[in-house]
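Colleague: what's the 3D shape of this:
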Amino acid sequence: MIVIIYGHYYNLNNIIMENIKVKNNIKLLNYTTIKIGGYAEFFAEPKSIFELIEYLKWVKQNNLKYRIIGAGSNLLIKSTFHKGLTICTRKLKKIKINKLTGFVEAECGVMLPVMANLLAQNGCEGGEWLIGIPGTIGGAVFMNAGSGNLWISKYLLSVQVLDIKNLSVHKLNKENLIFKYRFSSFQKNKFAILTADFMFRPNKNIKKITDKTKQNLKNKTNTQPYHLPSFGSVFKNPIDNYAGKLIEDVGLKGFSIGGAQVSNMHSNFIVNNGDATSEEIYQLITVIQQKVLQKKGIFLHPEVRMIGY
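Modeller: Numbering: from 1, shown residues only. Here you go, the predicted structure:
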């Protein structure tokens, strides 16, 4: 099978499996923003989309479990041994921006703040809000990441994916995918996100966009605990309500279990004060859910992806 990725032609049938190089027994806490995680039996950081496909083909041929992580935000990995291959995409960071049309092509490991700054530098409007989200393009599309009433899917055109079942590469247009609040079709299928195409508004005032981007970052850092290890937001906002407000209303702001604490800056953040365990984090999430349900009649759904639970 011949596929085109970033203008290059690749023959998937010619992948040389003996070139696969993986690490063993790697601490995953170094790959999550909450600084918690167990051990990966096998671990890989592909440096190209072609290498990513190689690793996934190796997984398929050896009937291994696998998991794909990006920047490690919104991710709770249980502090145990995780069999199979853990793939970290953070080195897949190629991005192309056409400042005349606003068209963007980005690999799955591109960090959202990086894209926000590059959009501003190229006079492309619409991505200023991305500056405060510590995730990757792949994770953002997977979760339909957003801020306020803005979602990444608003700017999405298409996604290039690998179908794990038959190792075929496809380009899926947004019209053929489902996106809702903190949800995408990728949470229900067996596709690995390789690249994504976006369209932003071109030929805008660079200074205005840059100033707005900087102000958005300032607003985030002034109201959210970026100085401590955290997931980012823990819970999805219920309809016509805010998770942080509900948590604060039931008296859990600052509440802690061991080294895990509900942030004093923003109640929809859980921070690791230095020695939190995955179980303490999980218990704290459960306590929050139970108390909010008991006192407010609302069940808070996590937007944190949990591995090993």
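Colleague: make it CA atoms for all contacts and neighbour counts henceforth
Modeller: Noted.
Colleague: Distance check, S233 against C88.
Modeller: From S233 across to C88, the span is 21 Å (CA to CA, to the nearest Å).
Colleague: whoops, K23 was the one
Modeller: K23 is 12 Å from C88, by CA to CA.
Colleague: what do you get for R67?
Modeller: Separation of R67 from C88 (CA to CA) stands at 9 Å.
Colleague: Now do the one helix or strand A192 maps to: everything it contacts.
Modeller: Using DSSP states H and E, A192 sits within strand 191-199. For strand 191-199, contacts defined as CA atoms under 8 Å, 6 or more residues apart in numbering pick out 49, 101-108, 137-138, 142, 155-164.
Colleague: Enumerate every residue touching the closest residue to P229 other than its chain neighbours.
Modeller: The shortest distance from P229 to any non-neighbouring residue, by CA to CA, 6 or more residues apart in numbering, is to I34 (4.5 Å). The neighbourhood of I34, defined by CA under 8 Å, 6+ apart, consists of 72-73, 75-76, 229-231, 271-272.
Colleague: List phi and psi for P225.
Modeller: phi -80, psi 70 (degrees, to the nearest 10).
Colleague: picking up where we left off before, so how far is the helix or strand following the strand holding A192 off the chain centroid?
Modeller: Counting by DSSP H and E, the next helix or strand C-terminal to strand 191-199 is helix 206-223. How far helix 206-223 lies from its chain's middle: 21 Å, per CA atoms, centre = their mean, to the nearest Å.
Colleague: Which elements pack onto the helix or strand that comes right after helix 206-223?
Modeller: Counting by DSSP H and E, the element after helix 206-223 in chain order, helix or strand, is helix 243-249. Where contact means 3 or more CA pairs under 8 Å, 6 or more residues apart in numbering; DSSP states H and E, helix 243-249 is packed against helix 278-296.
Colleague: and the residue positioned nearest the centre of the chain, how far is that from G102?
Modeller: Nearest to the geometric centre of the chain sits G139, at 2.8 Å (CA atoms, centre = their mean). Distance from G139 to G102, counting by CA to CA: 22 Å.
Colleague: Ok, I77 next?
Modeller: I77 is 37 Å from G102, where distance means CA to CA.
Colleague: ok, now N117?
Modeller: For N117 relative to G102 (CA to CA), the value is 14 Å.
Colleague: what is in contact with these two at once?
Modeller: Joint contacts of N117 and G102 (CA under 8 Å, 6+ apart) do not exist.
Colleague: So N166: helix, strand or coil?
Modeller: coil (DSSP: H, G, I helix; E, B strand; the rest coil).
Colleague: now it: how far from Y66?
Modeller: 16 Å.
Colleague: more crowded one of K23 and C88?
Modeller: C88 (22 against 13; other CA atoms under 10 Å).
Colleague: residues in contact with the more buried one?
Modeller: 31, 43-46, 68-71.
Colleague: In strands, which of those fall?
Modeller: Among these, the members found in strands (DSSP state E) are 43-44, 68-69.
Colleague: can you redo those as TSV with distance to E54?
Modeller: Formatted as TSV, the ones in strands among the contacts of C88 follow (distance: CA to CA, whole Å):
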residue	distance to E54
F43	13
A44	11
I68	14
I69	16
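Colleague: List just the nearest of these to W151.
Modeller: I69 (20.4 Å; CA to CA).
Colleague: Now W129. Nearest residue, chain neighbours left out?
Modeller: N216 is the one closest to W129 (CA to CA, 6+ apart), at 6.3 Å.
Colleague: quick one: contacts for the one you found?
Modeller: So N216 contacts 128-129, 131-132 (CA under 8 Å, 6+ apart).
Colleague: Write the ChimeraX selection for whichever of those residues are buried.
Modeller: Paste this into ChimeraX to select the buried members of these, with burial taken from 16 or more other CA atoms under 10 Å:
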select :128,129,131,132
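Colleague: Considering the contacts of N216, which is situated nearest to T210?
Modeller: E128 (7.9 Å).
Colleague: so that closest one touches K212, yeah?
Modeller: Yes. Applying CA atoms under 8 Å as the test, E128 and K212 come out as touching, 6.5 Å apart.
Colleague: so where do the helices sit in the stretch 1-150 of the chain?
Modeller: Assigned by DSSP state H, counting those that start in this stretch, the stretch 1-150 of the chain shows helices spanning 49-61, 112-121, 137-143.
Colleague: Can you pull the residues that touch both of K23 and C88?
Modeller: With CA under 8 Å, 6+ apart as the test, K23 and C88 both reach 43-44.
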